[in-house]
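Participant: Sharing a model prediction with you, sequence too.
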Amino acid sequence: MARFRPHCATRAVQPRCSTEDSEEDRAQRRAQNERDGAARQGEQRGGSGLVDEDLGMLRERLELMKTRETQLDEIKLMLRMMEPATGLQFVTAEGGITATAWIFVVANIVVALYLTKATLVDPFTRVLTGNLPS
């Protein structure tokens, strides 16, 4: 019949050359203990600086997203107010901005730039070059 051997009897034992630890071993263990203690203290104080930085960046990102959503809602409101006057649909029932709205906005920007050039830039250029209308 086989004898039962406890688990601890099956472990390999690391041989030591001497019964005393070397100074180098003690220094390594001391340094490791100091690092472990510092890590525990950091966890107890509420985490590391990297976590705080990441949370700060995440909060900033969320604020930017909220601001963006607010601005989009304001733009949609303005587009909805212009729908009856133009007879065009700028915002879908789901709240999306249509291609018609983007074309309308771009056309308004182009017209505004052309009028600015025609009323301000061209007359000023004529005055500087001396080509005044007679």
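Facilitator: Sure, I can see it. Residues are numbered from 1 along each chain as shown.
Participant: Let me know whether residue 101 touches residue 86 as I believe.
Facilitator: No: applying CB atoms under 8 Å as the test, residue 101 and residue 86 come out as separate, 10.0 Å apart. Just so you know, the C-beta spots here come from the backbone N, C-alpha and C atoms, and that holds for glycine as well.
Participant: Specify which residue of these two has the higher count of neighbours.
Facilitator: Neighbours were counted for residue 101 and for residue 86 using other CB atoms under 10 Å; residue 101 has more, 21 against 11.
Participant: Show the model's pLDDT score for the nearest residue to the more buried one once chain neighbours are set aside.
Facilitator: Among residues not flanking residue 101 along the chain, residue 90 sits closest, at 3.7 Å (CB to CB, 6 or more residues apart in numbering). In this model, residue 90 is scored at 94, pLDDT.
Participant: ok, now which ones touch residue 90?
Facilitator: By CB atoms under 8 Å, 6 or more residues apart in numbering, the contact list for residue 90 reads 79-80, 82-83, 97-98, 100-101, 104.
Participant: List phi and psi for it.
Facilitator: Note on residue 90: backbone dihedrals following degrees, to the nearest 10 are phi -100, psi -30.
Participant: on that earlier part again, in helices only, show me the contacts of residue 90.
Facilitator: 79-80, 82-83, 100-101, 104 (DSSP state H).
Participant: burial of residue 45, as a residue count?
Facilitator: The burial count for residue 45: 8, using other CB under 10 Å.
Participant: Counting by contacts, list what the strand or helix carrying residue 52 packs against.
Facilitator: Secondary structure from DSSP states H and E places residue 52 in helix 49-86. Helix 49-86 sits against helix 99-116, with contacts defined as 3 or more CB pairs under 8 Å, 6 or more residues apart in numbering; DSSP states H and E.
Participant: count of neighbours near residue 95?
Facilitator: Residue 95 has 9 neighbours, counted by other CB under 10 Å.
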